[in-house]
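Engineer: build me a model:
(one chain, ligands or ions: 2)
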Amino acid sequence: MDHGIKTVGIIGAGQMGGGVAHATAAAGFDVLLQDLEPLRVKECIARIEANLERQVAADKLSEEAKAATLQRIRAVETLRDLADCDLVIEAAIEEETVKRKILQQLSSVLKKDAIIATNTSSISITRLAAVTDRPERFIGIHFMNPAPVMRLAELVRGIATEERTFAESKAFVEAMGKSIVTSEDFPAFIVHRVLVAMINEAIYTLYEGVGTVENIDAALRLGANHPMGPLQLADFIGLDTCLSIIQALHDGLADAKYRPCPLLVKYVEAGWLGLKTGRGFYDYRGEAPRPTR
Ligand SMILES: CC(=O)CC(=O)SCCNC(=O)CCNC(=O)[C@H](O)C(C)(C)COP(=O)(O)OP(=O)(O)OC[C@H]1O[C@@H](n2cnc3c(N)ncnc32)[C@H](O)[C@@H]1OP(=O)(O)O
Ligand SMILES: NC(=O)C1=CN([C@@H]2O[C@H](COP(=O)(O)OP(=O)(O)OC[C@H]3O[C@@H](n4cnc5c(N)ncnc54)[C@H](OP(=O)(O)O)[C@@H]3O)[C@@H](O)[C@H]2O)C=CC1
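Structural biologist: Ligands and ions are numbered 1, 2, ... in the order given. From the prediction side, this is the model:
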């Protein structure tokens with residue numbers, strides 16, 4: 001199916017905004033990248049360049065392809081600059097109030113028929129769609145981290161999402177060389193109904209003294225062939241994001257089995273958010289990561 005998408009706007013130049021910008025540009029789309037803080041966009045494009053350079057050094061990408069990918073990514077400063085995009089993907093922090101404000105402002109400037117997507121990990125697509133002027137052109141496209149590498153995006157329809165919006169979004173994700181799964185619009189969708197529930201359980205396993213950080217991670221890495229242990233993965237995702245997701249499950253399903261582990265809450269309160277702040281279940285500030293408990 002022809003998705004009719006040429007130019008993609010991305011809001012939020014964090015780990016996901018950057019990864020999605022990289023993967024989208026590498027697939028041949030023009031990308032406009034926006035963040036509240038222009039410096040964040042600059043840093044983000046530098047990270048994309050370093051990732052591309054690693055591929056060039058490993059002979060997995062040509063210099064020309066690297067240059068072409070970078071050339072397709074343009075930094076912009078305001079939501080108004082995204083007005084002519086065919087698709088805008090919101091990838092700001094996992095806080096509903098922040099997302100609602102962005103989506104309301106975006107609606108008022110974006111051309112009429114453009115699709116608005118959110119990369120939220122857990123928040124109701126129907127609820128976010130309702131603050132826009134186009135719930136029928138609104139959808140969840142949930143990419144995985146690191147977006148250039150991971151092969152999946154979850155597609156989530158809100159109650160009003162039109163079939164055309166779903167079909168175009170699916171064609172867009174497939175044009176990026178990725179597969180889709182479809183999830184109903186329930187808190188945290190499919191991936192995190194399972195993944196963050198497991199991460200929260202791993203943190204309880206640490207909290208209750210069943211195992212150390214290293215033992216819990218090794219148990220799942222070597223014993224269940226997970227590429228990363230659950231605590232390393234939590235640090236990789238961001239502990240603030242993990243807490244928001246498990247909180248969404250707890251609030252949305254009113255089931256005590258999703259109660260956020262108090263240790264996770266404490267780490268977030270300390271500002272120990274994982275890899276992105278240099279410290280979480282591991283301390284990344286030395287030569288090799290060291291467990292913090
Ligand atoms: C929070 C949410 O809402 C949803 C989520 O995303 S949940 C999290 C989902 N993600 C996961 O579960 C990730 C689990 N971890 C993994 O799959 C792997 O550890 C990993 C892919 C991250 C790294 O794999 P690895 O084999 O240990 O490392 P490495 O060999 O360095 O990297 C593999 C490839 O990924 C690339 N890569 C690694 N990190 C990258 C990044 N941040 N950005 C871009 N590319 C990256 C490397 O360049 C390398 O590419 P090539 O194969 O072309 O050389
Ligand atoms: N981390 C992960 O593994 C995954 C995360 N997600 C989802 O993707 C989204 C982003 O997560 P992630 O990239 O990890 O988060 P990060 O914290 O790395 O990045 C979020 C970015 O959004 C910026 N931002 C905050 N408010 C605004 C705003 N009003 N307008 C524009 N930009 C803003 C932040 O700027 P500043 O730092 O200045 O506040 C930051 O640069 C979340 O919804 C998350 O749930 C989805 C899949 C995987």
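
Engineer: OK, contacts around residue 102?
Structural biologist: 11, 79, 90, 92 (CB atoms under 8 Å, 6 or more residues apart in numbering). Heads up, the C-betas are built off the backbone N, CA and C, glycines and all.

Engineer: so where does it fall, helix or strand?
Structural biologist: Assessed by DSSP states H and E, residue 102 sits inside helix 96-109.

Engineer: among the contacts of residue 102, which ones lie close to ligand 2?
Structural biologist: With CB under 6 Å from any ligand atom as the criterion, these include 11, 92 near ligand 2.

Engineer: mind checking which of the contacts of residue 102 land in helices?
Structural biologist: Among these, none falls in helices (DSSP state H).

Engineer: in strands only, show me the contacts of residue 102.
Structural biologist: Members of these lying in strands (criterion: DSSP state E): 11, 90.

Engineer: so which of the contacts of residue 102 is the closest to ligand 2?
Structural biologist: Nearest to ligand 2 among the contacts of residue 102, counting by CB to the nearest ligand atom, is residue 92 at 3.7 Å.

Engineer: measure the nearest residue to residue 119 once chain neighbours are set aside to ligand 1 for me?
Structural biologist: With CB to CB, 6 or more residues apart in numbering as the criterion, residue 119 has its nearest non-adjacent residue at 4.2 Å, and that residue is residue 91. Counting by CB to the nearest ligand atom, to the nearest Å, the separation of residue 91 from ligand 1 is 10 Å.

Engineer: would you mind listing what in this structure touches ligand 1?
Structural biologist: So the chain meets ligand 1 at 19, 51, 54-55, 58, 60, 121, 144-146, 148-150, 191, 195, 227-228, 233, 237, 241 (CB under 6 Å from any ligand atom).

Engineer: let me see the mean pLDDT of the helix holding residue 102.
Structural biologist: Averaged across helix 96-109, pLDDT comes to 98.

Engineer: does any part of that helix sit near ligand 2?
Structural biologist: Yes. Contact between helix 96-109 and ligand 2 is present through 98, 102 (criterion: CB under 6 Å from any ligand atom).

Engineer: could you list the buried residues of that helix?
Structural biologist: For helix 96-109, the buried set under the neighbour-count rule, 16 or more other CB atoms under 10 Å, comprises 96, 99-100, 102-103, 106-107.

Engineer: can you give me the offset of the next helix or strand after that helix from its chain's centre?
Structural biologist: Later in the chain than helix 96-109, the nearest helix or strand by DSSP H and E is strand 115-118. Counting by CA atoms, centre = their mean, to the nearest Å, strand 115-118 is centred 13 Å from the centre of its parent chain.

Engineer: try stretch 248-265
Structural biologist: Distance, centroid of stretch 248-265 to centroid of chain: 20 Å (CA atoms, centre = their mean).

Engineer: how about stretch 48-64?
Structural biologist: On the basis of CA atoms, centre = their mean, stretch 48-64 sits 23 Å off its chain's mean C-alpha point.

Engineer: return the set of buried residues in stretch 185-197.
Structural biologist: Buried-residue list, stretch 185-197, by 16+ other CB under 10 Å: 185, 187-193, 195-197.

Engineer: TSV for the residues you listed, including distance to residue 128 and secondary structure?
Structural biologist: TSV is the format used below for the buried residues of stretch 185-197 (distance: CB to CB, whole Å; DSSP: H, G, I helix; E, B strand; the rest coil):
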residue	distance to residue 128	secondary structure
185	10	coil
187	13	coil
188	14	coil
189	13	coil
190	18	coil
191	18	helix
192	16	helix
193	18	helix
195	21	helix
196	19	helix
197	22	helix
